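Undergrad: Have a look; sequence and predicted model below, questions after that.
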Amino acid sequence: MRQDNQLKALRELACDPDASAELRWTYVEALRAEDPRQHRDEIGRGLMELVAAKHALAAYRVSVHYAVGTFSQANTETASAWSVLAFAMADSDGTTGELQALVQREADAGCPEAVCTIGRMHIDGSFGYAEDHELAVQLLSQVANHSPRAMALLGKCAEHGCGMPADLGKAAECYQRAASRGEPRAAARLAGWLVFGEAGQAVDHPRARRLFRLAEALGCEEGTRGLAVMHALGMDRENAAN
């Protein structure tokens, strides 16, 4: 009861038109701590209002919600875009350290998407993170079974020999595992290999089409381009029913 009263009092303060962004952020975080699914609509509205006010931490929260599917079906393409936006906003307004601290706290608490975010930043040394490929692979490997984004990035590292020996077989395995869980870029990359039988993969146009369609449906431009290439080369005529 005491917690309910505290949340109610915080709601009244946060709903005041003159409430500061930090007060509204505190309220959204309180809702998330209590039950993110029960309060998802109110959390969603609050986060988007904060994003409109250029609140970088709120943008990062949106990325995580898209990654795990709190608001709707999980969409790693959209999640990645929001994550980049969050760090760009933080870089612009000087709150990168604050955002890094939030991500690190969540990583320390075992959040796979937070660990994935840190690993991704270490790949290219962006937004204040040191470029460290071996550390990136270590972090991504820790959470790949729980994060399609991490699995896809691990595949990319294996493909390009980033932090590990180049291994196209391992890359294809990672892309397949990520694609099976709805990761669009992994689906598109694997599909591209299947079109021409590259990277040790047998030519499989029906499967390539299915993967490109999955990627396209999830907003990945590589999926649309892949389907266009297959159409231009007449590859969509064979077994078109598939």
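TA: On my side now, so go ahead.

Undergrad: Test my guess that Lys156 contacts Met164.
TA: No: Lys156 is not in contact with Met164 according to Cβ atoms under 8 Å; the separation is 10.9 Å. The way it works is simple: take the backbone N, C-alpha and C, and place the C-beta from them, glycine included.

Undergrad: who touches Leu31 in this structure?
TA: 7, 39, 42-43, 46 (Cβ atoms under 8 Å, 6 or more residues apart in numbering).

Undergrad: from these, which is closest to Leu190?
TA: Here the nearest of those to Leu190, counting by Cβ to Cβ, is Ile43; it sits at 34.4 Å.

Undergrad: ok, Lys156 and Met164, which is more surrounded?
TA: More crowded of Lys156 and Met164, by other Cβ atoms under 10 Å: Lys156, with 20 against 17.

Undergrad: Remind me what the helix or strand of the chain with the lowest mean pLDDT packs against, helices and strands.
TA: Every helix and strand in the chain was compared by mean pLDDT, DSSP states H and E; the lowest is helix 2-14, with a mean of 80. Secondary-structure packing of helix 2-14 (3 or more Cβ pairs under 8 Å, 6 or more residues apart in numbering; DSSP states H and E): helix 21-34.

Undergrad: re earlier: what comes into contact with the least confident helix or strand of the chain?
TA: So helix 2-14 is contacted by 19, 23-24, 26-28, 30-31, 34, 46 (Cβ under 8 Å, 6+ apart).

Undergrad: And stretch 109-119, by the same measure?
TA: Contacts of stretch 109-119 (Cβ under 8 Å, 6+ apart): 60, 63-64, 67-68, 79, 83, 103-104, 106-107, 129, 135-140, 142-143, 146-147, 149-150, 153.
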